[in-house]
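Novice: Below: sequence and its predicted model.
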2 protein chains.
Amino acid sequence: MSTLATLSAGDETYVLRRATDADVARIVELLAADQLGATRESAAELQPYRQAFAAIDADPAQLLVVATTSGGEIVATMQLTFIPGLARRGALRAQIEAVRVHEQHRSHGLGREMCEWAIAEARRRGCALVQLTSDKQRSDAHRFYQRLGFAASHEGFKLHL
Amino acid sequence: MSTLATLSAGDETYVLRRATDADVARIVELLAADQLGATRESAAELQPYRQAFAAIDADPAQLLVVATTSGGEIVATMQLTFIPGLARRGALRAQIEAVRVHEQHRSHGLGREMCEWAIAEARRRGCALVQLTSDKQRSDAHRFYQRLGFAASHEGFKLHL
């Protein structure tokens, strides 16, 4: 297990580490427990998720992480993607996707600690920008990201194929 | 030159192809000519752009394209990024960034042809979703993406480092 950071939130200490194939089922549970994820995910059939995990894990531009309690239980996840581009003088950008915190571990700062770690990691890798999109239905999340310093400067467009 | 597609827009026929290092200066001109890009780009110093190009070109998840006239002049560009993820049953997503069309080649459908090609390419690669963000100041662009079938379902957050 490659520990990336130790995070303190509320009375708990969490370990942030790179996800492994053995974590996939639990990460899918976190995705499915979400208000919008409930209809999108299907934890009964793990094979497509495990294939996707293999692609994520093989790609050095991807970093899928989990946060665990001191007892080793996975209670949160997020994915970072590092995207090279020409715009903004050849800026590397970090993109955050799929941030999920188990409801029993919300509202005492774990999500904030994880995102602050992600921002620091983006700095370490030389990124000029961190970006993410958040469904317009998630108004609590929007306040959360604004408190972290993000500006809601863009419209986020999605097209389902 | 690896031609990806031939696009017809207005009376012109354009060739869509993968960008090469020799195209970097012209792509930067297109980025800098943009209303928002004018303050962000610095075409006088190409080195950071060429380094970024090398990173893009080496990464199989990135596809930087240019559209040229029949005479070979580069008049448009866009970048596609293919991002594996666990959410939505392990969906691969395509992200479109840095779409720019030279002002003399706008408003007769070249941008639409390029984006439709991008959507088709995303389908060919098995993506479940195409996504992009667009600055809230670009209201014309928003109507353009909505006509292409995109929904403005998300807030796009950015944090400059």
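Specialist: Okay, I see it. Numbers count the residues shown, from 1 in each chain, chains lettered A, B, ... in the order given.
Novice: Quick check: phi and psi on A:S42?
Specialist: Backbone geometry at A:S42, expressed as degrees, to the nearest 10, gives phi -140, psi 90.
Novice: And for it, the neighbour number?
Specialist: Residues near A:S42, counting by other Cβ atoms under 10 Å in any protein chain shown, number 13. C-beta coordinates here come from the backbone N, C-alpha and C atoms, glycine included.
Novice: where do the helices sit along chain A?
Specialist: A:24-32, A:47-58, A:87-90, A:110-124, A:139-147 (DSSP state H).
Novice: and the first one, what other elements does it pack with?
Specialist: Using 3 or more Cβ pairs under 8 Å, 6 or more residues apart in numbering or on different chains; DSSP states H and E as the contact criterion, the elements in contact with helix A:24-32 are helix A:47-58, strand A:62-68, strand A:74-84, strand A:92-101.
Novice: at contact distance from chain B, anything in the last one?
Specialist: This points to strand A:92-101. Yes - counting by Cβ under 8 Å from any Cβ of the partner chain, chain B is contacted by strand A:92-101 at A:L92, A:Q95, A:E97, A:A98.
Novice: for the shortest one, same thing?
Specialist: Yes - judged by Cβ under 8 Å from any Cβ, strand A:62-68 and chain B are in contact via A:Q62, A:L64.
Novice: Just want the angle from that strand to strand B:74-84.
Specialist: 30 degrees (axes from the mean of the first three to the mean of the last three Cα atoms, to 10 degrees).
Novice: gap between strand A:62-68 and the chain center?
Specialist: Centroid separation for strand A:62-68 versus its chain: 7 Å, with Cα atoms, centre = their mean, to the nearest Å.
Novice: as a whole number, average confidence for it?
Specialist: Across strand A:62-68, pLDDT averages out at 98.
Novice: Show residues contacting it.
Specialist: Residues from elsewhere that reach strand A:62-68, judged by Cβ atoms under 8 Å, 6 or more residues apart in numbering or on different chains: A:4, A:7, A:14-19, A:23, A:26-27, A:53, A:56-57, A:74-82, A:101, A:110, A:114, A:121, B:83-84, B:86.
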